[in-house]
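1. just need the structure, nothing else, for what follows:
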Amino acid sequence: MSEIAQTPTDGLKKRVASIDILRGLVMLLMLVDHVRERYFYHLNVSDPVDVDSTSPELFFTRTMAHFCAPVFVFLTGLSAWLYSHPSNKAPRSATPFLFKRGMFIIFVEIAVINWMWMGTYDTLWLQVMWAIGVSMVSLSVLCKLPYKLILALGLLIVCGHNLLSPITFAPGEFGYNLWAILHDRGFIFESESFKIKASYPVLPWIGVILLGYSMGPLYSQAVEGSKRQSTLVKLGVAMWVVLLILRGFNIYGETLPWESQQDFTHTLMSFLAFTKYPPSLDFVLFTLATAFLVLAALENVNNRLTKSIETFGSAPMFYYVVHLFVLLVSYRIVFNVFGANHGEYFAFDYVWQIWFISVLLAGALYWPTKVFSKFKHNSSNPIVKYL
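-> Numbering: from 1, shown residues only. Coordinates of the predicted model:
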């Protein structure tokens, strides 16, 4: 049995499984955050989270969701490298797949997901799926560059984009729309009946997907699991050290400095109040460093719990669309039955209710996601593969 467990093919399956497990974990955290946004909107949190007005339990609930976007975008880049370097087959170009998949995701964001968030279409919010789609389209071109140049460009964008923060454009000024899309949030179109807002500045996310692609060789069949684990741990620890230095002394990487508060918990909250729009260097260090350590820990994990979590990461688009639909419909039903209890909203009274409902929804969505995942992997339909 030990010899079979060490075969290259089985090792590759474990490595891909660890990626899907991590992706599944962040999808579950995403569910918690979206339940919060749907059923706790009367206490909506700012970016970065306001330490003075946000309770610790709500702050840390929101902070855990910070792992979702960077980890997902990073793993998208990593998966693109795996796609272009299939096991026991000749390398192939990832460009056509990335471009078509990216455009498809942008279309779904505009045509489907925006409505599922708002239930109306008077404003088009270009959010995380938009950022992922644009990042994939960008990678479809940039993946043709030499490997070292891709890595250098990813590091330059992620580490250097905070230097661009002083650059601003007023609405209507030449360059405003492009800069709102790339680095600053803002409305890029407004009329009496319709608006478009770029909510997820895409430039830093392009840097993150490039770093994910650059990490691909670490998951090649030629790299032993122990070496990969060691590398991931070293990278994670090194990034945490850099974060503690940069953030600890308020040197660079974050627009809002942390300050000592009335107690340890609130001081920690101030330290972790990282900017997400656009994701600051400290935000990326915090999330990806932790992700590397989790990936290392998942290298040889294979049990019923991780297999269940892996299911959510094996059909992410399907799960994403379905959970938004369930949240929209359930909220409207509950609102019509019970009415508003917090101003104009129906909302939970306590943060623990967010987690409780999230657990129930995860259980309810598990079997549909598992069935679709199996159907997707057995289907030759390219549209189904995209889901």
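
2. hmm, S308 is touching Y366, no?
-> Yes: in this structure S308 lies within contact range of Y366 using Cβ atoms under 8 Å: 6.8 Å. Heads up, the C-betas are built off the backbone N, CA and C, glycines and all.

3. helices of the stretch 151-300 of the chain, residue ranges please.
-> In order along the chain, the stretch 151-300 of the chain carries the following helices (DSSP state H, counting those that start in this stretch): 176-182, 203-214, 225-248, 264-271, 281-297.

4. ranking these by burial, who's on top?
-> The highest mean neighbour count among these belongs to helix 203-214 (a mean of 26), with neighbours defined as mean count of other Cβ atoms under 10 Å.

5. that helix to helix 281-297, inter-axis angle?
-> Counting by axes from the mean of the first three to the mean of the last three Cα atoms, to 10 degrees, helix 203-214 lies at 30 degrees to helix 281-297.

6. below-threshold pLDDT in the stretch 1-150 of the chain: ranges please.
-> Under the criterion pLDDT under 70, the flagged ranges of the stretch 1-150 of the chain are 1-16.

7. which residue is nearest the middle of this protein?
-> The geometric centre of the chain, computed from its C-alpha atoms, lies nearest to A69 (Cα atoms, centre = their mean), at 1.5 Å.

8. report the contact partners of the residue nearest to it when sequence neighbours are not counted.
-> Leaving out its chain neighbours, the residue that sits closest to A69 by Cβ to Cβ, 6 or more residues apart in numbering is V128, at 5.4 Å. For V128, the residues meeting the contact criterion (Cβ atoms under 8 Å, 6 or more residues apart in numbering) are 68-69, 72, 200.

9. same question, F271
-> Counting by Cβ under 8 Å, 6+ apart, F271 touches 247, 258.

10. per-residue confidence at it?
-> F271 carries a pLDDT score of 97 in this model.

11. element containing the closest residue to Y331 other than its chain neighbours, please.
-> Leaving out its chain neighbours, the residue that sits closest to Y331 by Cβ to Cβ, 6+ apart is R38, at 5.2 Å. R38 belongs to helix 8-39 when elements are defined using DSSP states H and E.

12. what comes up buried for that helix?
-> By neighbour count, and taking 16 or more other Cβ atoms under 10 Å as the criterion, the buried residues in helix 8-39 are 11-12, 15-39.

13. distance check, L156 against I245.
-> Taking Cβ to Cβ, to the nearest Å as the measure, L156 falls 20 Å from I245.

14. follow-up on the earlier one: tell me what the helix or strand harbouring the residue nearest to the centre of the chain is packed against?
-> Taking DSSP H and E as the definition, one finds A69 inside helix 68-84. Helix 68-84 sits against helix 8-39, helix 95-108, helix 128-142, helix 203-214, helix 281-297, with contacts defined as 3 or more Cβ pairs under 8 Å, 6 or more residues apart in numbering; DSSP states H and E.

15. so can I have a markdown table of those showing distance to S193?
-> Formatted as a markdown table, the helices and strands packed on helix 68-84 follow (distance: least, Cβ to Cβ, whole Å):
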| stretch | distance to S193 |
| --- | --- |
| helix 8-39 | 25 |
| helix 95-108 | 22 |
| helix 128-142 | 21 |
| helix 203-214 | 30 |
| helix 281-297 | 35 |
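
16. V337: which of these is closest?
-> Taking Cβ to Cβ as the criterion, helix 8-39 is the member of the helices and strands packed on helix 68-84 that comes nearest to V337, at 13.9 Å.

17. after the closest one, next one along is what?
-> The C-terminal neighbour of helix 8-39 among helices and strands, as given by DSSP H and E, is helix 56-64.

18. tilt between that following helix and helix 264-271?
-> Computed by the same axes, to 10 degrees, the angle separating helix 56-64 from helix 264-271 equals 30 degrees.

19. can you tell me what sits against helix 56-64?
-> Contacts to helix 56-64, defined as Cβ under 8 Å, 6+ apart, come from residues 29, 32-33, 36, 40, 43, 45, 49, 51, 54, 265-266, 269, 272, 351-352, 354-355.

20. buried stuff in that helix?
-> Neighbour counts over helix 56-64 (16+ other Cβ under 10 Å) mark 58-63 as buried.

21. next one: it to chain centre, how far?
-> Its chain's C-alpha centre and that of helix 56-64 lie 17 Å apart, by Cα atoms, centre = their mean, to the nearest Å.
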